[in-house]
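**Student:** 3D model of this:
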Amino acid sequence: MKSHLDRLFPNPFRRHAIAAAAFALCSGYALAVEPFTVKDIRVEGVQRTEAGTVFSYLPVRVGETFNDEKGAAAIRALYATGFFKDVRIEAEGSVLVVFVEERPAVATIEFTGIKEFEKEMLIKALKDIGLAEARIFDKALVDRAEQELKRQYLSRSLYNAQVTTTVTPLERNRVSVNFTVDEGEPARIRKISFVGNKAFTDSQLRGQFSLTTPGWLTWLSKSDQYSRQKLTADIESLKSYYQQNEAIAKLVQLKKGDVYSGEKMTASAKKISDYLGNFGYAFANVNPNPVIDREKKEVAFTIFIDPGRRVYVRQMNVAGNNKTRDEVIRREFRQMEGSWYNGENIKLSRDRVDRLGYFKEVSVQTPEVPGVPDQVDVNMTVAEKPTGNLLVGVGFSQSEKLMLQSSIQQDNFAGTGNTVGLTANTSSRYRTIALSQTNPYFTDDGVSRSYEIFMRTTRPPLINSADYRVRTMGANVKFGVPFTEVDRVFLGVGVENTKVETFSNSPERYEKFVTDLGGTNPGSASANSLPLTVAWQRDSRDSALVPTKGRYQRANLEFSLLGDLKYYKATYQHQYYWPLSRTVTLALNGQVDYGRGLGGKPYPVFKNVYAGGIGTVRGYESSSIGGLDANEDAIGGSKRVFANVELQLPFSNDNKDRTLRWFTFFDAGTVWDEHAKMSLGDLRYSTGFGISWVSPIGPLKLSYGIPLNAKPEDRKQQIQFQLGTGF
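**Tutor:** Below you'll find the predicted structure:
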């Protein structure tokens, strides 16, 4: 007797209907199948899979009613096994027929082009992710295996490795999987750089790394091959190195075994607080906690550090600049608005503004922003120096006697920061007329430009009995390029015409110079030159007007290769200011000058330098140290060395006026002629004391010097004063 479905549809059509109904249920479409009682279940298409395995996943048994829900569940369950790539369910009368198409099995796994790894290791790694011989082939697993191979090559620095997978069908529904690899060349490390390290040098940090740049033996160690894992390990080593050598520990001034000092402990806490302030922690709380063992007379202490909130700078404000434009001050700022608070940058900003030389005083406060716990304002207050557009002055010194000076000049012209002026001054030795202009920010990034047109006349010091006149007319232009916050390199070129006049009592060397240029004696001769200048300057002083700490260095090379004069002149000067206390400063100054003629020509005599007097060696008459000519007149020289040591003190401990101080000093120096041998035995020494005052018309020094090793031919002068000297 035929079932209800057999009566409605022919058998083949009924099979199709059942399969379609199951598909529709799996797809979410409604296509009902009339339930029937299963008399038998048959599985077709299995080759490796046991029929019992299929039966175990079916949700219906013989004698149970089959419906559309059970058909959909059966198909889902069989697909979920992963054994089959196609499943169909049909009915032959009351017999349920399950047709399956098995996935192929992996017969073999082969590798081609592998050199870096052992085959067994790769087979094990692939087995761990589910791909192995005799297992069911799964394309997703093969893709994952390919990525795993690439990852293994990345760990060996082979970043150019290419992996191609080929799947080849075999008999009995099997496949062969072959991985073809082009390993390529390993990625090598060309350079290892560090940025931001201040406590340790690059070489010290590089020593913590196992990774290196290529060397003689890296072909064997392979340490120059990049590896992400090795880099991660090296970074951890670097962190550990910093933790074992923390910069904060070095700020503690007390060491184990020292006698305890509360003053040093307080100073240590301040240094730690200032250090944290460089990283935005403006309100760090540093509390040393001493534990005293009175029996052993020892103390141990723990420093508790609470950095607090990291603080931003809301605004940078400037006050007190009635003439100077805001931008002239603000372009020296190194602390930026909206960035983290940085105590070092704030101090650097203050020092750079003070070094401009436009202000008597520069101070900075950092008040908190009301109602905002993580913001501060930086308020800079300046006190401008009194200057005028027109200056007419009279000066006097022992070496130059009466000096008249008039100038239309300002270092801070109209508050722009530019220096412009027309200067005229006269003395017994020097007379100058010069037009000059300097723009410290010729470009926005701080390149300066200076130019000058001048006429200078030089005569011998009054202590000399001989006479001559050197008149130089010329012009020059110079550019200064900043390389760091305190370093600047200068490049300049000039053109000069120098006329030398001799008289009946002129020194022999000046007469010879005139004769060499084609002149007669007494008479005159002129020479043209094109001097070039290369210079370097480093200025880290806290003030250009009255420095109390920091350094000033300059190196200058002037040379002329074209024209009638061929020579070079090198100068190096170094100043160092060391604050011994809040009001006492140790000031050191040294300078070396060295000049020679080029191309067989002598060094120009009018370029000679001198020693003696304020600025070189006090206690000796100005320009008197060194060789003498037949008339016992100082002849100077092309080589000079001198050094000054000053201990600068205030007139009282509560004296806040840094412009008025007294000092004690020790000087040493001498000069040598171009062909003379330089010997430290020729140095002259002196000691003494004096007063320095930055007056409204310029720096003034009064000193009392005592020569310590004067020779019989030396000219002594114990009391000396000078208006217009810096050191």
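
**Student:** distance between the helix or strand hosting Thr232 and the chain's centre?
**Tutor:** Element membership for Thr232 (DSSP states H and E) is helix 228-244. How far helix 228-244 lies from its chain's middle: 22 Å, per CA atoms, centre = their mean, to the nearest Å.

**Student:** For it, list the C-alpha coordinates in CSV.
**Tutor:** Extracted in CSV, the C-alpha atoms of helix 228-244 (Å, rounded to 0.1, in the frame of the first residue of the first chain):
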residue,chain,number,x,y,z
ARG,A,228,60.4,41.7,16.8
GLN,A,229,60.8,39.3,19.7
LYS,A,230,64.4,40.3,20.3
LEU,A,231,63.5,44.0,20.1
THR,A,232,60.8,43.5,22.7
ALA,A,233,63.3,41.8,24.9
ASP,A,234,65.9,44.5,24.4
ILE,A,235,63.4,47.2,25.3
GLU,A,236,62.6,45.4,28.5
SER,A,237,66.4,45.2,29.2
LEU,A,238,66.6,49.0,28.6
LYS,A,239,63.7,49.6,31.1
SER,A,240,65.5,47.5,33.6
TYR,A,241,68.7,49.4,33.1
TYR,A,242,67.0,52.7,33.7
GLN,A,243,65.3,51.3,36.8
GLN,A,244,68.6,50.2,38.2
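
**Student:** Mean confidence (pLDDT) on it, please.
**Tutor:** Confidence over helix 228-244, taken as the mean pLDDT, stands at 80.

**Student:** Name the residues of it that come out as buried.
**Tutor:** Neighbour counts over helix 228-244 (16 or more other CB atoms under 10 Å) mark 230, 234, 238 as buried. No exception for glycine: its C-beta is placed from N, CA and C like everyone else's.

**Student:** I'd like to know how far the residue nearest in space to the middle of the chain sits from Ile272.
**Tutor:** When CA atoms, centre = their mean is applied to the chain, the residue found nearest the centroid is Gly196 (6.6 Å). When distance is defined by CB to CB, to the nearest Å, Gly196 is 20 Å away from Ile272.

**Student:** now Asn278: how far from Leu205?
**Tutor:** In terms of CB to CB, Asn278 sits 20 Å off from Leu205.

**Student:** repeat for Glu171
**Tutor:** 62 Å.

**Student:** show me the contacts for the residue nearest to the centre of the chain.
**Tutor:** Gly196 makes no contacts at all, as judged by CB atoms under 8 Å, 6 or more residues apart in numbering.

**Student:** Quickly find the element holding it.
**Tutor:** Counting by DSSP H and E, Gly196 is found in no helix or strand.

**Student:** In JSON lines: the buried residues of helix 228-244, plus distance to Tyr341.
**Tutor:** Output for the buried residues of helix 228-244, formatted as JSON lines (distance: CB to CB, whole Å):
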{"residue": "Lys230", "distance to Tyr341": "37"}
{"residue": "Asp234", "distance to Tyr341": "32"}
{"residue": "Leu238", "distance to Tyr341": "27"}
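
**Student:** Out of the residues you listed, which comes closest to Asp467?
**Tutor:** For these, the minimum distance to Asp467 (CB to CB) is 71.2 Å, reached by Leu238.

**Student:** ok, that closest one to Asn505 distance?
**Tutor:** When Leu238 is compared with Asn505 (using CB to CB), they lie 75 Å apart.

**Student:** what do you get for Thr443?
**Tutor:** Thr443 is 52 Å from Asn505, by CB to CB.

**Student:** do Lys323 as well
**Tutor:** 51 Å.

**Student:** Over to Trp693?
**Tutor:** 39 Å.

**Student:** Hmm, Asp411 and Gly357 touching each other?
**Tutor:** Yes. Using CB atoms under 8 Å, Gly357 is in contact with Asp411, at 6.2 Å.

**Student:** The helix or strand encompassing Val299 packs against which elements?
**Tutor:** Per DSSP H and E: Val299 is located in strand 298-306. Packing partners of strand 298-306 (3 or more CB pairs under 8 Å, 6 or more residues apart in numbering; DSSP states H and E): helix 262-277, strand 285-293.

**Student:** okay, the angle between that strand and strand 285-293?
**Tutor:** The directions of strand 298-306 and strand 285-293 differ by 160 degrees, with axes from the mean of the first three to the mean of the last three CA atoms, to 10 degrees as the criterion.

**Student:** quick one: buried residues of strand 298-306?
**Tutor:** 303, 305.

**Student:** tell me the mean pLDDT for that strand?
**Tutor:** 87.

**Student:** Likewise for stretch 357-370?
**Tutor:** 90.

**Student:** Also stretch 549-566?
**Tutor:** The average pLDDT for stretch 549-566 rounds to 94.

**Student:** what's the spacing between that stretch and its chain's center?
**Tutor:** Chain-centre distance of stretch 549-566: 28 Å, with CA atoms, centre = their mean.

**Student:** just to revisit the earlier point, of Gly357 and Asp411, who's got more company?
**Tutor:** Asp411 (15 against 12; other CB atoms under 10 Å).

**Student:** Which residues are in contact with the nearest residue to that one once chain neighbours are set aside?
**Tutor:** Distance criterion CB to CB, 6 or more residues apart in numbering; nearest residue to Asp411, sequence neighbours excluded, is Thr419 at 4.9 Å. Listed by CB under 8 Å, 6+ apart, the contact set of Thr419 reads 409-413, 436-438.

**Student:** Bridged to Thr419, which residues?
**Tutor:** Thr438 (DSSP bridges).

**Student:** Check the one 4 residues further on too.
**Tutor:** Applying DSSP bridges to Thr423 yields these beta-bridge partners: Ser407, Ala434.

**Student:** my guess is it contacts Gln437, does it?
**Tutor:** No. Using CB under 8 Å, Thr423 is not in contact with Gln437, being 11.7 Å away.

**Student:** Neighbour count for those two, which is higher?
**Tutor:** Thr423 (17 against 14).

**Student:** pLDDT at that one, what is it?
**Tutor:** 72.

**Student:** Output the very next helix or strand once past the strand holding Val299 as PDB, nothing but the C-alphas.
**Tutor:** Sequence-wise, the next helix or strand downstream of strand 298-306 (DSSP H and E) is strand 312-319. C-alpha atoms of strand 312-319 as PDB (Å, rounded to 0.1, in the frame of the first residue of the first chain):
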ATOM      1  CA  TYR A 312      49.700  72.300  31.700                       C
ATOM      2  CA  VAL A 313      50.700  75.800  31.000                       C
ATOM      3  CA  ARG A 314      47.600  77.800  30.100                       C
ATOM      4  CA  GLN A 315      49.200  81.200  29.200                       C
ATOM      5  CA  MET A 316      52.600  82.800  29.000                       C
ATOM      6  CA  ASN A 317      52.300  86.500  30.100                       C
ATOM      7  CA  VAL A 318      54.800  89.300  29.800                       C
ATOM      8  CA  ALA A 319      54.800  92.500  31.900                       C
END
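
**Student:** Which neighbouring elements make contact with strand 312-319?
**Tutor:** helix 326-330, strand 375-384.

**Student:** cutoff 10 Å now
**Tutor:** helix 326-330, helix 343-354, strand 359-365, strand 375-384 (3 or more CB pairs under 10 Å, 6 or more residues apart in numbering; DSSP states H and E).

**Student:** What residues sit buried inside the last one?
**Tutor:** If I follow you right, that is strand 375-384. 375-376, 378, 380, 382, 384.

**Student:** neighbour-wise, which of Glu171 and Leu205 wins?
**Tutor:** Leu205 (18 against 6).

**Student:** so that one sits in a helix?
**Tutor:** Yes. Assessed by DSSP: H, G, I helix; E, B strand; the rest coil, Leu205 belongs to a helix.

**Student:** Hmm, Lys239 and it touching each other?
**Tutor:** No. Counting by CB atoms under 10 Å, Lys239 is not a contact partner of Leu205; they are 11.2 Å apart.

**Student:** can you list the weak-confidence ranges in this protein?
**Tutor:** Scanning the chain with the threshold set as pLDDT under 70 gives 1-33, 243-245, 386-409, 425-430, 461-465, 630, 653-656, 696-698, 723-727.

**Student:** If anything else comes up later, I'll come back, but that's it for now.
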